[in-house]
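> got a predicted model here, sequence first, then my questions.
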Amino acid sequence: MLSTPWSRGFGLQVPIVNAPMGGVAGGRLAAAVTAAGGLGMIGMGSTATRASLAEQLRQVAGRFGIGLVDWVMRREVGLLEDALAAEPVLLSVSFGTDWSWVVKARDAGIATATQVYDGAGARRAVDAGVDIVVARGAEGGGHGEVRLGTLPLLDAVLEAVSVPVLAGGGVASARSLAAVLAAGAGGAWVGTRLAACPEALTGESTRRALIAARGTETRVTRVFDVAAGLAWPRRYPSRVLSNDFVERWTERENELAADPAARRELTAAIAAEDLRVAPVDAGQGVGMIGDDASAGEVIANMCSGARSLLTRWGA
């Protein structure tokens, strides 16, 4: 099996953690990733509630982690406490600047992680007591700062801190996994590739769209957050598959915010999974998805392929 000092020390068979994608990474996906030797994460996104966390926890099995969005955690009173009470082995909280949650997790004996976008951010996280930092590159799907690509970011973060660093953003194949491990990452934070697996919460139309998409078909935008009235800070836009709604409203966000008809259109499209309007989070690794293989198959193929490549490169 493929391993790194960090993955072995954390009790994993393979250096894979699924990104805690809101609305995608539920208990079934977390259980499947853990069963495959990695660490499965339950993702609580921008619409998370205590009830939705409880529902996904009922489906998890084995060791698992939980990922929270900072501003959602503060709005939904009790969500952090419920997450800690579930006794995950890892708690990830991102998109915020208040580190008080780190102390609470440490007191509960739970390891902590957060996404960072440059070396300075990594140092701030480590100074606050975070145990693991995730270097999330601009290629990544969903929300995040668009500052550096994964490899330049990973280089900067590894230079800045001495704690374990996981690499996220565009890691969707054996070759990209081998690349980030060869560069020094302790493991990979894999999102988009696992979103197409049958264990994910992804709807069937969205799964087909991910499989069919090319890596050049993503777009960074705020239009879905603006239309839905979600309180995402401006510096965290979302990388999605481009569609009619993105093309129509990009650079017209002020008009969009004042258009209730657009909000109704988006709500209806999400309910109907009409992907001409509804969002599909996807990173630039989406072009590496060729099928709807199970999470176990995806992880096994990525890791066996990466091991072969690393052995060949070493030779």
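Looks like it arrived, so ask away. Numbers count the residues shown, from 1 in each chain.
> so for the spatially closest residue to residue 27 that is not a sequence neighbour, what's the pLDDT?
Nearest non-adjacent residue to residue 27, counting by C-beta to C-beta, 6 or more residues apart in numbering: residue 59, 3.0 Å away. (Glycine included, C-beta is placed from N, CA and C.) Residue 59 carries a pLDDT value of 96.
> tell me the secondary structure for residue 59?
Secondary structure assignment for residue 59 (DSSP: H, G, I helix; E, B strand; the rest coil): coil.
> tell me if I'm right that it and residue 26 touch.
Yes - contact criterion C-beta atoms under 8 Å: residue 59 and residue 26 qualify, at 6.4 Å.
> the more surrounded of these two?
residue 26 (24 against 14; other C-beta atoms under 10 Å).
> state the distance from that one to residue 157.
Distance, residue 26 to residue 157, using C-beta to C-beta, to the nearest Å: 29 Å.
> quick one: neighbours of residue 52, just the number.
Applying other C-beta under 10 Å, I find that residue 52 has 18 neighbouring residues.
> run through who's touching the helix or strand encompassing it.
In this assignment (DSSP states H and E), residue 52 forms part of helix 50-57. For helix 50-57, contacts defined as C-beta atoms under 8 Å, 6 or more residues apart in numbering pick out 26, 27, 30, 42, 44, 66, 76, 78, 79, 82, 83, 86.
> out of those, which are inside helices?
Among these, the members found in helices (DSSP state H) are 27, 30, 79, 82, 83.
> find the nearest non-adjacent residue to the last one, please.
Distances taken as C-beta to C-beta, 6+ apart put residue 66 closest to residue 83, at 4.7 Å, once the chain neighbours are dropped.
> can I get the ones in helices among the contacts of helix 50-57 in TSV with pLDDT and neighbour count?
Listed next are these as TSV, based on pLDDT from 0 to 100; neighbours: other C-beta atoms under 10 Å:
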residue	pLDDT	neighbour count
27	98	20
30	98	32
79	98	21
82	98	17
83	98	29
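> going by distance to residue 140, which of those residues wins?
residue 30 (18.9 Å; C-beta to C-beta).
> need the contact list for residue 11.
Residue 11 neighbours (C-beta under 8 Å, 6+ apart): 63, 89.
> tell me where the chain has strands.
16-18, 40-44, 64-69, 90-94, 111-116, 132-136, 142-143, 165-168, 187-190, 218-221, 238-241 (DSSP state E).
> point out the one among the ones you listed that comes closest to residue 124.
Taking those one by one with C-beta to C-beta, strand 111-116 is closest: 8.1 Å.
> what's the angle between the closest one and strand 132-136?
20 degrees (axes from the mean of the first three to the mean of the last three C-alpha atoms, to 10 degrees).
> how about low-confidence regions in this structure?
In the predicted model, the chain carries pLDDT under 70 at residues 315.
> about what we covered before: what sits against the residue nearest to residue 27?
26, 27, 28, 31 are the contacts of residue 59 under C-beta under 8 Å, 6+ apart.
> got the ones in helices among the contacts of helix 50-57 as a markdown table, with distance to residue 125 columns?
Formatted as a markdown table, the ones in helices among the contacts of helix 50-57 follow (distance: C-beta to C-beta, whole Å):
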| residue | distance to residue 125 |
| --- | --- |
| 27 | 27 |
| 30 | 23 |
| 79 | 21 |
| 82 | 23 |
| 83 | 18 |
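> name the nearest of those relative to residue 178.
For these, the residue nearest residue 178 by C-beta to C-beta is residue 30; the value is 24.5 Å.
> which non-adjacent residue is nearest the closest one?
Residue 30 sits nearest to residue 40 (C-beta to C-beta, 6+ apart), 3.0 Å away.
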